[in-house]
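K.L.:
Next input, structure requested:
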Amino acid sequence: MTIKPTLASLMLLSGLLLSANGYAQDTVTLRLHHFAAPATPVQTEYLEPWAKRIEEQSEGAIKVEIFPAMQLGGSAPSLYDQAKDGVVDISWTLLSYTPNRFPESEAFDQPFLPTTGEATSMAAHEFATTHMQDAFEGVYPIAVFAHTPGKIHTRDTSVESADDLKGLAMRAPSKTMNRYLGLLGAQAVGMPMPQIPEAISRGVINGLTLPFESAAALGVLDIAQNHTFFEGEQGLYTAMMVLVLNQASYDALSSELKQVIDDNAGLQEAQRIGQAMDQAEERAIEAIEASGEGEMFYIAQDSLQPWQAAAETATAQWIADMDSRGFDGQLLYDEATRLVEKYTEQTK
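P.N.:
Residues are numbered from 1 along each chain as shown. All right, here's what the predicted structure looks like:
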């Protein structure tokens, strides 16, 4: 007896062959490239769990391979364009690595703006999706975020007052912080994070500004053992960062796989990254305190006046620069401040 397959049975078999996991698309591998060390908490406590979520929720149809420390080549300032141009699928980078390209983001570079990494990251994401949509043409922003406020770390001298910065060569993370440290009398030196360990070990710089969690992952806290904190709700500075996916890579996904990405992008991801950085910051500080190998110095509220005066000057100069470029600098700064206050209150 010959049994002829029905059209329905053939269609069913075709569907099964197309996708045993429910997604009618071959496995997609997304390459994620970033500048930081493999041990950085953003990788170990956010990117790796995020990649696992993506794989699980897509039932294995999407795999994410992570390449830290510029393993795929190029320089840290090239990371954004690597994702935009399709050299890689996803990149994590600081927008301040490309000065003047994302001018609105510099509102978050202003001194004494940030509170926690969580609250400031949520503020950064809302700010960027409101004021910077055109700047992200060609990429799909998975999350816009900001790191836990940075502290001052120095090698051979301690910074216990603003005067102690005078003449020190200090690594700064952004154009704004270069200006700010210069106003305090330091010799501001701009360089990407991967260059910091060699620079501090060789004495090219006397110190740096970074969160503890980043400095610990870089391995520089064994050299820069003097640490300066600022009392109060606002920290010294932060920087806006992005996790972006190449738009063509996103567009090539099936609708089901796009939904997996959509479900793991947005404000809640910025919040998760901020939380991971805050928790890592606490652990890094506790480890230094327990080791007894570093000295902690605290700038009290009643000693902040010279620091804040320089901050006001730096921010006023930035606002004037933005105005000369056709932006409303005051509006952008006020909006950044409002959003940080909003999410700080919301996350208490």
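K.L.:
And stretch 42-51, what's buried?
P.N.:
In terms of neighbour count (16 or more other CB atoms under 10 Å), stretch 42-51 has its buried residues at 42-47, 50-51. All C-beta atoms are positioned from the backbone trio N, CA, C, and that covers glycine.
K.L.:
actually stretch 194-212, sorry about that
P.N.:
Result for stretch 194-212 [16+ other CB under 10 Å]: buried residues 195-197, 199-200, 205-212.
K.L.:
any weak-confidence spans in this protein?
P.N.:
For the chain, the stretches flagged by pLDDT under 70 are 1-25.
K.L.:
so the residue nearest to Glu295 when sequence neighbours are not counted bridges to which residues?
P.N.:
In space, and not counting its chain neighbours, Glu295 is closest to Asn226: 5.3 Å by CB to CB, 6 or more residues apart in numbering. Asn226 forms beta bridges with Thr154, Glu295, as assigned by DSSP bridges.
K.L.:
what's near enough to touch Asn226?
P.N.:
153-155, 157-159, 207, 294-295, 297 (CB atoms under 8 Å, 6 or more residues apart in numbering).
K.L.:
6 Å instead?
P.N.:
Contact partners of Asn226, counting by CB atoms under 6 Å, 6 or more residues apart in numbering, are 154, 158, 295.
K.L.:
What of Val88?
P.N.:
Counted by CB under 6 Å, 6+ apart, Val88 has contacts 31, 33, 82.
K.L.:
So which of these sit within helices?
P.N.:
If you go by DSSP state H, the contacts of Val88 have Gln82 in helices.
K.L.:
Out of the contacts of Val88, who's the most crowded?
P.N.:
Using other CB atoms under 10 Å as the neighbour test, the contacts of Val88 are led by His33, with 25 neighbours.
K.L.:
What number of residues are in the vicinity of the closest residue to Gln187 other than its chain neighbours?
P.N.:
Nearest residue to Gln187, sequence neighbours excluded (CB to CB, 6+ apart): Ala169, at 4.6 Å. Residues contacting Ala169 under the criterion other CB under 10 Å number 17.
K.L.:
How about Leu168?
P.N.:
If you count neighbours by other CB under 10 Å, Leu168 ends up with 22.
K.L.:
Just give the closest residue to it, not the sequence neighbours.
P.N.:
Spatial nearest neighbour of Leu168, chain neighbours left out: Asn206 (4.3 Å); criterion: CB to CB, 6+ apart.
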